[in-house]
Every structure is written in C-alpha cells, then in structure tokens.
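Asks: Here is my input, please return the structure:
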Amino acid sequence: MADDMNGLRLGTPEIVRWGMTEEDMPELARLIAKALRSNDPEAMAEQVASWRHGFDKLHYIWS
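Replies: Sure thing, here's the model as predicted:
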C-alpha cells in the first residue's frame, strides 16, 4: 500500500493555543516546506526546537 501524500493537516486550534499569530505563519510555512523537501527532516530538530521555544505559554481565546 502506497503512502497517501495528498495533503498535510495542521492543528490550527493548537497553533493558536500556543500563541502563534499571523506574523508567525511565514516562518512556520518555511520550516514545513524545508522539512518536506529534505531527505533528512530529523536534521532540522534543533532549528525547529529553537523556534518553538518562544511559544512556551498556553493562550486561550474567549468569545
């Protein structure tokens, strides 16, 4: 059975809950694209962890 490579699901509620905003999306997209193009995405772990370190508090949206 072949892997289904037809899409990528992102947990946008979780992204918002960790405090990411619209301004953070270009960097998130860049990291995702780089990982998808890489033959060794695990090699990016330190870079991703460093960026993710800035999102260390949970945020909730109240309506």
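
Asks: Give the rounded mean pLDDT of stretch 54-63.
Replies: Stretch 54-63 comes out with an average pLDDT of 79.

Asks: Residues contacting that stretch, please?
Replies: Here stretch 54-63 makes contact (Cβ atoms under 8 Å, 6 or more residues apart in numbering) with Val16, Arg17, Trp18, Gly19, Met20. C-beta coordinates here come from the backbone N, C-alpha and C atoms, glycine included.

Asks: can I have it written out in PDB, keeping just the CAs?
Replies: Provided in PDB are the C-alpha atoms of stretch 54-63 (Å, rounded to 0.1, in the frame of the first residue of the first chain):
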ATOM      1  CA  GLY A  54       9.400  31.000  22.000                       C
ATOM      2  CA  PHE A  55       5.900  29.500  22.300                       C
ATOM      3  CA  ASP A  56       6.000  28.200  25.800                       C
ATOM      4  CA  LYS A  57       2.800  29.500  27.300                       C
ATOM      5  CA  LEU A  58      -0.700  28.400  26.500                       C
ATOM      6  CA  HIS A  59      -3.200  31.100  25.400                       C
ATOM      7  CA  TYR A  60      -7.000  30.800  25.300                       C
ATOM      8  CA  ILE A  61      -9.400  32.700  23.200                       C
ATOM      9  CA  TRP A  62     -12.600  33.700  25.000                       C
ATOM     10  CA  SER A  63     -15.500  35.000  23.000                       C
END
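
Asks: how far is that stretch from where the chain is centred?
Replies: Chain-centre distance of stretch 54-63: 16 Å, with Cα atoms, centre = their mean, to the nearest Å.

Asks: Let me see the residues that make contact with stretch 29-38.
Replies: Identification of contacts with stretch 29-38 by Cβ under 8 Å, 6+ apart yields Leu8, Pro41, Met44, Gln47, Val48, Trp51.
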